[in-house]
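Undergrad: with the input below, show me the fold.
(one chain, ligands or ions: 1)
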Amino acid sequence: MDSDQAKNRILDLSLQINQHNYSYYVLSNPTISDYDFDILLEELIKLENQFPEFLNSNSPSQRVGGEITKEFKQIKHKYSMLSLGNTYSSEELKDFDERIKKIIGETPFEYVCELKFDGLSIGLTYIEGKLSHAVTRGDGVFGDDVTTNVKTIRSIPLILKEGNYPPEFEIRGEIFMPHKSFEKLNLERNSNGELPFANPRNAASGSLKMQDSKEVSKRGLDCFLYYLLGENLPFSSHYENLRNTKNWGFKVSDFMIKCKNIEGVIEYINDWNLQRNELPFDIDGIVIKVDSIPLQEKLGYTAKNPRWAIAYKFKAESVSTKLLSIDFQVGRTGSITPVANLEPVLLSGSMVKRASLHNADIIKKIDVRIGDMVFVEKGGEIIPKITGVDLALRENNAPEVIYIENCPECGTKLTRIEGEANHYCPNDNTCPPQIKGKIEHFISRKAMNIDSLGEGKVEIIFDCGKLNNIADLYDLKYEDLFGIEKSFIAEDTGKERIMRFMEKTVENILKGIEASKSVSFEKVLFALGIRYVGETVAKKLAQSFKNIDSIINASLEDLIGTEEIGIKIAESVKNYFSNPESISLINRLKEKGLRFEITEEENTTVSNKFEGLSFVVSGVFEKYSRDQIKKMVEENSGKNVAAISAKTSYLIAGDNMGPEKKKKAEKLNIPIISETEFLALLNE
Ligand code: IVH
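TA: Here you go, the predicted model:
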């Protein structure tokens, strides 16, 4: 094939594939078999490899991802991304209606009602019909550039169909994870020994922020568009504009309607309150907008929200069922969670058998007793919660719940930290679920990433007595693992099955453990499972202190002086390293060759200019985003702190900075500098 033929074929294939994508993902009406689709895509990828000069950044081949984003670039929104005011009752909606009428007077107007998709908002900018960039909400002024990841979402057009679109415009919408994709993802995570996502919203947001776009492309994300912005829009009605964008290739919900008055709006809300569980994705309310764009402009904005739109949030669905018994679970940090076993009941589309009872105080407060009829609600967590008791139905002599005093797993007397709601089992060295939990956390993907140990393998090795702490992993030999087994009841068949470690499994486990020795310091620090030291805190500690010895020797003040680290985290870190067991564990891990300092490349320090200085960065800036300014502080050895104290060196003040911060800085005589002054200080 010569160059011209290749160019034409690439164009032809791209058009065909775009059309099939549109039919499948936007219209839900497939026009080709998966097999034939794959053949077209393969041909396109092959040709683009052969003739890279014709590879276009908006080619449908880019949907499979591949590009890695180390850090998302921050982009300033052309139009600030505001959120909506919330209402919870028809009275509040009527107030909203009154406020509007007060401003616009007698002018007749209509409302548009839309579903409130529960995901994360995205702004898509198209220039000359091509997707130029996709930006998250961020702080409303600056957002993350997630274009590469967004391109993997098949329902978002990369190139628009023919139409009357303006040369440049932005369209906003919600990226979400449909229930089907969510269930598939959590099944996979469970079998990899990873923690499942609590809900589709968290899953969507976690997926969109992944660094590897190839992984994002597998997550089954979707996107509904709900707001067209820009100059020279085709219609002066929001409804018409949005409906018209369907012709350009966008996915707009068919459930959007126009209402003549607030009574119509309330009817729509009531209908969807009943029907929402039948949708294949989550909604958390209804959005109500004034349809006319000139009227929207007249109504304008408050500091935070448009006056022409509002969100009605659904109340969480609640059902009642019988409390059969209470289990006490021990987590990896030793924290005890009381879990209620319930008579199975249908709630928001799924069968619920267990619910969280939070802690001893809440059990006491709601005075729940075995045999009670209890109210169960689904919040943002995976496991639903009990919110109250139907006292009218209580049996006469139902006994009070007696909270356990000893660990149900190892018998150790439980403790309770002053000011904390949870009880803890303090025996973190030999309490089985704590050891297993710590090892499972240690090997997890975001920590040491030893995925060959997933799928319950840790439990098998632990049960054989070969693993008592994380350092033991690095002593495991082939002979320790080969042939060990465990029988369990298979969930699908209900029959007993035996899992036995054979040659390949053992080799993979050992290979995975060996490879983990090159995992970065910040991940090792996170993997240790220190209470309150999550991924972000571990990253901050690693960047600020550079190696483990500096962290071990840091004073409480040194730790608190680090961004993101407050007294609670600092005390937990101090506490962990003051335990001789932790130090001997770390020494063993050091001997095995794990990384306990950041490498040259990971060291982002550019200069020591701000050494010993601490900064509070607040407000919105002109040239850089708040995060970029904080990064500059850190790169030059300064410390970012959240709150102003007498020790703060500078307050870098942007627009809309909190008035309290300003007052406090003035009171303490802390110099308040602008973005320009900060940059001058940096370049001095
Ligand atoms: S309109 C200026 N419409 O809900 C109007 N938002 O705080 C901007 N959302 O941030 C929003 N479905 O992420 C609009 N049909 C819909 C929506 C919707 C979901 C989200 C959006 C926004 C939040 C409201």
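
Undergrad: contacting residues around the residue nearest to K315 when sequence neighbours are not counted?
TA: Leaving aside its sequence neighbours, K315 sits nearest to Y88 (CB to CB, 6 or more residues apart in numbering; 6.9 Å). No exception for glycine: its C-beta is placed from N, CA and C like everyone else's. Taking CB atoms under 8 Å, 6 or more residues apart in numbering, we find Y88 in contact with 312-313, 315.

Undergrad: now, those that are in helices?
TA: Applying DSSP state H to the contacts of Y88, no entry is found in helices.

Undergrad: closest one of the residues you listed to D627?
TA: Lowest distance from D627 to the contacts of Y88 (CB to CB) belongs to K313, with 29.2 Å.

Undergrad: gap between the closest one and the ligand?
TA: Separation of K313 from the ligand (CB to the nearest ligand atom, to the nearest Å): 10 Å.

Undergrad: same check, this time on T31
TA: Counting by CB to the nearest ligand atom, the gap from T31 to the ligand is 28 Å.

Undergrad: mind listing what the closest residue to that residue other than its chain neighbours touches?
TA: Residue nearest to T31 in three dimensions, not counting chain neighbours: S23, with 4.3 Å by CB to CB, 6+ apart. S23 sits next to 29-32 when contact means CB under 8 Å, 6+ apart.

Undergrad: looking at this, S23 is in a strand?
TA: No: S23 is assigned helix when assessed by DSSP: H, G, I helix; E, B strand; the rest coil, not a strand.

Undergrad: low-confidence ranges in the stretch 351-500 of the chain?
TA: 380-381, 489-494 (pLDDT under 70).

Undergrad: need the residues of this protein near the ligand, please.
TA: When proximity is defined as CB under 6 Å from any ligand atom, the chain approaches the ligand at 82-84, 114, 116-117, 121, 174, 226-227, 287, 306, 309, 311.

Undergrad: and the helices in the stretch 451-600 of the chain?
TA: For the stretch 451-600 of the chain, helices defined by DSSP state H, counting those that start in this stretch occupy the ranges 457-463, 478-481, 503-515, 521-527, 535-545, 548-553, 556-560, 567-577, 580-592.

Undergrad: out of those, deepest packed?
TA: Most buried of those, by mean neighbour count (mean count of other CB atoms under 10 Å): helix 521-527, with a mean of 23.

Undergrad: tell me the mean pLDDT over it?
TA: Mean pLDDT, computed over helix 521-527, is 95.

Undergrad: what separates that helix from the chain centre, distance-wise?
TA: Put simply, helix 521-527 sits 20 Å off its chain's centre (CA atoms, centre = their mean, to the nearest Å).

Undergrad: helices or strands up against that helix?
TA: Applying 3 or more CB pairs under 8 Å, 6 or more residues apart in numbering; DSSP states H and E, we find helix 521-527 packed against helix 535-545, helix 548-553.

Undergrad: give me the angle between the longest one and helix 567-577.
TA: What it means is helix 535-545. 70 degrees (axes from the mean of the first three to the mean of the last three CA atoms, to 10 degrees).

Undergrad: against which helices or strands is helix 535-545 packed?
TA: Judged by 3+ CB pairs under 8 Å, 6+ apart, helix 535-545 is in contact with helix 521-527.

Undergrad: same check on the shortest one?
TA: Packing partners of helix 548-553 (3+ CB pairs under 8 Å, 6+ apart): helix 521-527, helix 567-577, helix 580-592.

Undergrad: packing partners for the last one?
TA: Judged by 3+ CB pairs under 8 Å, 6+ apart, the packing partners of helix 580-592 are helix 548-553.

Undergrad: stretch 169-188: which residues count as buried?
TA: Buried residues in stretch 169-188, counted by 16 or more other CB atoms under 10 Å: 169-178, 181-182, 185-186.

Undergrad: quick check, nearest of those residues to the ligand?
TA: E174 (4.5 Å; CB to the nearest ligand atom).

Undergrad: correct me, but R99 touches R307?
TA: Yes: taking contacts as CB atoms under 8 Å, R99 lies within contact range of R307: 7.1 Å.

Undergrad: measure stretch 311-322 end to end?
TA: One end of stretch 311-322 to the other measures 34 Å (CA to CA, to the nearest Å).

Undergrad: now that stretch: mean pLDDT?
TA: According to the model, stretch 311-322 has a mean pLDDT of 90.

Undergrad: got a list of contacts for it?
TA: Outside stretch 311-322, the residues within contact range by CB under 8 Å, 6+ apart are 84-88, 93, 116, 269, 273, 276-277, 283-288, 342-348, 352, 371-379, 387, 390.

Undergrad: just the buried ones from those residues?
TA: By neighbour count, with 16+ other CB under 10 Å, the contacts of stretch 311-322 hold 84, 87, 93, 116, 269, 276, 283-288, 342, 347, 352, 372-378 as buried.

Undergrad: quick one: the contacts of S23 as TSV, columns for secondary structure and neighbour count too.
TA: TSV is the format used below for the contacts of S23 (DSSP: H, G, I helix; E, B strand; the rest coil; neighbours: other CB atoms under 10 Å):
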residue	secondary structure	neighbour count
N29	coil	8
P30	coil	12
T31	coil	14
I32	coil	16
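
Undergrad: shouldn't V112 be within a helix?
TA: No: with three-state DSSP as the criterion, V112 is strand rather than part of a helix.

Undergrad: what's the neighbour count on it?
TA: Per other CB atoms under 10 Å, the neighbour tally for V112 reads 22.
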